[in-house]
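Colleague: Predicted coordinates and the sequence they were generated for:
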Amino acid sequence: MANSVSNDALWEKLLEISEQLKGSKQAENTPDFSEIVEAIHAFRQSNNACFEENKKNISIVNKNILLGLKRVASIQERVVSHEEEDKSDKASYFDLKFFKLRKTSVVIALLGLLVLALILFCMKQQNDYALLNGEYYRNRIEIREMQSKVDSLQNVISKPIVKKK
């Protein structure tokens, strides 16, 4: 961009050329148009190079702007999808005064309480079984003792009484 030429510089050069023409007319010399033509061609070439550079820069800027717009569009799509997810998430909450509860958390807690109740019920049943089993064994022992006493009494009763002479 160091070779860029402003409009003011072009006007100044044209004024210089016109002054040279006026000066050459006053001297009544025939002006040398070849120098003027070469100067104009040099300016055109430098301006063309600047315009080509500007065209390249503009195309690069346009590409960057398009990439930026694509990125902004993708971000907007993400925001819209995130908002939709938030709406669907709101349906999965119980909104209480002081806090929010997920419906799945409530279901999990209820299932946990059900499992706890079942465990407690099974433990009670096991305890009752153990108590009844222990009582059964005690009763069985008592019955065996009674049976042995009854057997011993029957043996005593069934023995013939022998009289001593």
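Modeller: Looks like it came in fine. On a predicted model such as this, the values are computed, not experimentally measured, just so you know.

Colleague: And the helices in this protein?
Modeller: 7-26, 33-91, 103-158 (DSSP state H).

Colleague: among the ones you listed, where is the model least confident on average?
Modeller: The minimum mean pLDDT among the helices of the chain belongs to helix 7-26 (a mean of 76).

Colleague: Please state the offset of that helix from the chain centre?
Modeller: 69 Å (Cα atoms, centre = their mean, to the nearest Å).

Colleague: Also stretch 112-125?
Modeller: So, by Cα atoms, centre = their mean, the centroid of stretch 112-125 is 39 Å from its chain's centroid.

Colleague: swap in stretch 141-149?
Modeller: 77 Å.

Colleague: can you check stretch 125-133 too?
Modeller: The gap between where stretch 125-133 is centred and where its chain is centred comes out at 54 Å by Cα atoms, centre = their mean.

Colleague: Pull stretch 50-64 out as PDB, backbone CA atoms only.
Modeller: Output of stretch 50-64 as PDB, limited to C-alpha atoms (Å, rounded to 0.1, in the frame of the first residue of the first chain):
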ATOM      1  CA  CYS A  50      -2.600  -0.300  -6.300                       C
ATOM      2  CA  PHE A  51      -6.000  -1.200  -7.700                       C
ATOM      3  CA  GLU A  52      -5.000  -4.900  -8.200                       C
ATOM      4  CA  GLU A  53      -3.700  -5.000  -4.600                       C
ATOM      5  CA  ASN A  54      -6.900  -3.400  -3.400                       C
ATOM      6  CA  LYS A  55      -9.000  -5.900  -5.300                       C
ATOM      7  CA  LYS A  56      -7.000  -8.800  -3.700                       C
ATOM      8  CA  ASN A  57      -7.400  -7.300  -0.300                       C
ATOM      9  CA  ILE A  58     -11.100  -6.700  -0.900                       C
ATOM     10  CA  SER A  59     -11.600 -10.300  -1.900                       C
ATOM     11  CA  ILE A  60      -9.700 -11.500   1.200                       C
ATOM     12  CA  VAL A  61     -11.900  -9.300   3.400                       C
ATOM     13  CA  ASN A  62     -15.000 -10.500   1.700                       C
ATOM     14  CA  LYS A  63     -14.000 -14.200   2.300                       C
ATOM     15  CA  ASN A  64     -13.300 -13.300   6.000                       C
END
